[in-house]
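# fold the following for me, if possible:
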Amino acid sequence: MEKQAVQAHGKASSGRFTRIRQELLDSPVWLCPERALLITEYFRSHDDPSEPMVIRKARALSHLLRNKQVKIFDDELIVGNMGTKRKSALIQPELAGVFMCEELLWMDKRRTTPLLISWPDRMRILLRVIPYWLFRNMNFRAFSGNRFRMLRYVREQLGASAYLINEAGGIGHFLPDYEKMLNLGVTGVLESMQDRSSDLASACRIVCNALTDYAGRLAAEAERRAAAEAGAAKRTELQEIARVLRKVPREPAGSLQEALQSLWITHMAVCLEGLNSAVSFGRIDQYLLPFYEQDISRGEITPEKALELLLCFSAKTTEHLFLLSGRTSEYHGGHLVAQAATVGGMDADGRDAVNGLTGLFLDVMEQAGLRDPNYMARIHAGSPRGYVQRAVEVACRGNAVPGLFCDEAAIASLAAHGYSEREARNFAVVGCVEPTIPGKSFCSTDAALFNLPLCLVLALNRGRRPGSRARLGADTPDPATFTSMEEVIEAFRAQVYFMTERMIRDLQVIERGNRDFHPTPLSSMLVEGCLETGRDVTQGGAVYNSSGVQGVGVADTADSLAAIDEVVFKRKAHTLFEVIDAVKRDFVGRERIRAELLAAPKFGNDLDMPDAYAALVVRIFRDALSRHTSTRGGPYIPGFYSSTCHVGFGSRTEALPSGRKKGAPFAASLGCCNGSDRQGPTALLNSAAKIDARLAPNGYALNLKFDAPLMKGREAKGVMTALVEGFFARGGMEVQLNVLDPAILVEARDNPGRHPGIVVRVAGYCAYFDELPVSVKDEIISRTRIELAQM
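Residues are numbered from 1 along each chain as shown. Below you'll find the predicted structure:
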């Protein structure tokens, strides 16, 4: 089985995927008004406010699915369109979409991620959508009892510097039980609900019928196109697509093509129901395997044809994204959707689960070169050697996938936070890097992001930002009285506790808003515990209900603490007052002090002092979150990936005692500060491995960047495999490889459009380099490049 699992199967037999990929790369992204218009139409004209909200939301989704356009694009084998264009940005006006439309009149002219939109569509949004939702969107409804607090919240979030709350735009970020739909079909799911009489069950019946109605309309479109098709081969292909759609998702899938088609339509509907962000596919090589094996045993498919189907499925996932305003793109750069798909690893009994389909998915990752799905490869101590080598080899190809995940570390982290070991072994990745249990959890894994270095700024200024008379944080003691590092740490701890509590108070207003105004019955139907209890996922109906909050700037905080310790308390070269004064001046006229701070030990070099401070920062953040419980009844858990908030937060944060100047980017995710890892990748990985993975149950991202020309030889691949295995053996959880040509990156930055297909790892997710803000492009280029001699 191992040989079958890891061998490369060559390229798909036809040029179909090559054509699809080129069309996707050539097609512009359009701002699609369809979802916004249809949802608005329903609530304006058909809604019955006397019905329970979960029923009203089900009827709204049904109205959308029954009235949205059906399209089948050339060369497709898996069909179903999120929007009206090949690449569509969707609007959720009932959530944060009204605020995201702030650049509507010049959306196609904005500097970052411009979106095309016709003037008639622009006016429909302006005249029909925005007026209806302006005072009915999430922020207004959630804060309806306190307008002053709402205005403060909106003002802070539009230029977030202390924390960024993502749930205001919707939740997404979970693992639906897609396997349930593939094995039961809508008919089987409805039969399983026969004895349930809750409002949620009634809502689920409404969306199930709408799902089959949409598939039927797609089938009719395929039949129409087949009747008009002159070529026999294409006509037969369209007739087969129609046959598949007449069967699934209504009935259980019986082949790989049927399973992929059912999966895609169900995924589409889940994304259209709420926020189409990081709704992820789970252990896709495990639940699709029976369909593949059955097709192979019957002689109905070849590995090459299966590869083509998987490539076509992957292509569909890149056709949609969600609307972000220009200012929000600074925190979430690029057209990110981050639909994770997980392969490999062990099964619930601890046995290796690599199979023949795992190898095919590695081929997909090698060939696709698209931003989604965000593929992750699980690796454990007993993984087949050939599989590990193949996963690393594919990761070195320059397509930014797969990210590599260590089973032992992730399982230990989940088990330490309430999951049974058997359940933890079945984890899959959500979004960027968040390990979660498929079909049982609704974990809102990207609920918020938190600025850790700002807490140190506040600790050194009695809770104020330099130059401000207003106190943002806790009133901690005057740092002039500090005589030890312990006092600095306690002031920092107090600020973290104070600011996390402030963040969670705002976040819980949004949580209650989602619960009261935005239940998601289809999503709830695909999460265990909801139908059983009659509670929607937003009400805490899932078996597991954690919320993930990302700590941003771990290395910057650790380096700053280490610099204070070294320069002030160990060497006594300067007083703490002198260091704080230099920091407040952004080191203008204090360049000598800055040089000494920069020369202090830094995280990422396998040095015990800064590495210990990084571990301490992580633990303090975990402890601060653990004091609170979400409105869904679950814990808040820490993760350490930054999206592009390390740039957004960094641009709004003062200078730091590490020597970092005001406005400079923070370190990305759990990586080191740019340029500070002077001892090569092994030292960086050793530093990261000293952070107990059990303190990061929401995952972390560690991004290594390598020059592409160095990764071409067999020796380099062997070194890379040993590097990854060594990191995992020391307790590391996740690592991702950016194998890039720096000269091409610079050329792509300076000449947008010349290299549209470059995919890069940002901070856990993949994005097209062309679509990132310039500040993020510069940050990626500036990341330390590792040469083979350093490894």
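# average model confidence for stretch 548-556?
If you average the pLDDT over stretch 548-556, you get 98.
# same check on stretch 232-245?
Taken as a whole, stretch 232-245 has an average pLDDT of 97.
# for that stretch, list the C-alpha coordinates in CSV.
Only the C-alpha atoms of stretch 232-245 are listed here, as CSV (Å, rounded to 0.1, in the frame of the first residue of the first chain):
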residue,chain,number,x,y,z
ALA,A,232,-20.2,13.5,-29.4
ALA,A,233,-17.5,13.3,-26.7
LYS,A,234,-18.5,16.6,-25.1
ARG,A,235,-22.2,15.7,-25.4
THR,A,236,-21.6,12.5,-23.5
GLU,A,237,-19.5,14.3,-20.9
LEU,A,238,-22.4,16.8,-20.3
GLN,A,239,-24.9,14.0,-20.1
GLU,A,240,-22.8,12.2,-17.5
ILE,A,241,-22.6,15.5,-15.5
ALA,A,242,-26.4,15.7,-15.7
ARG,A,243,-26.8,12.1,-14.5
VAL,A,244,-24.6,12.7,-11.6
LEU,A,245,-26.5,15.8,-10.6
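# what does it contact?
By Cβ atoms under 8 Å, 6 or more residues apart in numbering, the residues outside stretch 232-245 that reach it are 72, 76-77, 79, 215-216, 218-220, 222-223, 225-226, 229, 257-258, 261. C-beta here means a position set from N, CA and C on the backbone, and glycine is covered the same way.
# can you give me the buried ones in that stretch?
Glu237, Leu238, Gln239, Ile241, Ala242, Val244, Leu245 (16 or more other Cβ atoms under 10 Å).
# looking at those residues, which are in helices?
Judged by DSSP state H, helices contain the following of those: Glu237, Leu238, Gln239, Ile241, Ala242, Val244, Leu245.
# ok, these vs Asn209, which is closest?
Leu245 (15.6 Å; Cβ to Cβ).
# where's the residue nearest to the closest one when sequence neighbours are not counted, which helix or strand?
Excluding the flanking residues, the one nearest Leu245 by Cβ to Cβ, 6 or more residues apart in numbering is Ala219, at 3.7 Å. Per DSSP states H and E, Ala219 falls inside helix 199-228.
# cool, and Ala600?
Using DSSP H and E, Ala600 falls within no helix or strand.
# same check, this time on Gly726
Gly726 is part of helix 714-729 when elements are defined by DSSP H and E.
# if we can go back for a sec, mind checking the pLDDT average for the helix holding Ala219?
98.
# helices and strands around it, which ones?
Applying 3 or more Cβ pairs under 8 Å, 6 or more residues apart in numbering; DSSP states H and E, one finds that helix 199-228 contacts helix 53-67, helix 178-192, helix 232-247, helix 256-273, helix 521-525, helix 530-533.
# winner for burial among the ones you listed?
Comparing the helices and strands packed on helix 199-228 by mean neighbour count (mean count of other Cβ atoms under 10 Å), helix 521-525 ranks first with a mean of 27.
# what's the end-to-end length of stretch 526-536?
11 Å (Cα to Cα, to the nearest Å).
# of the buried residues of stretch 232-245, closest to Val429?
Val244 (28.5 Å).
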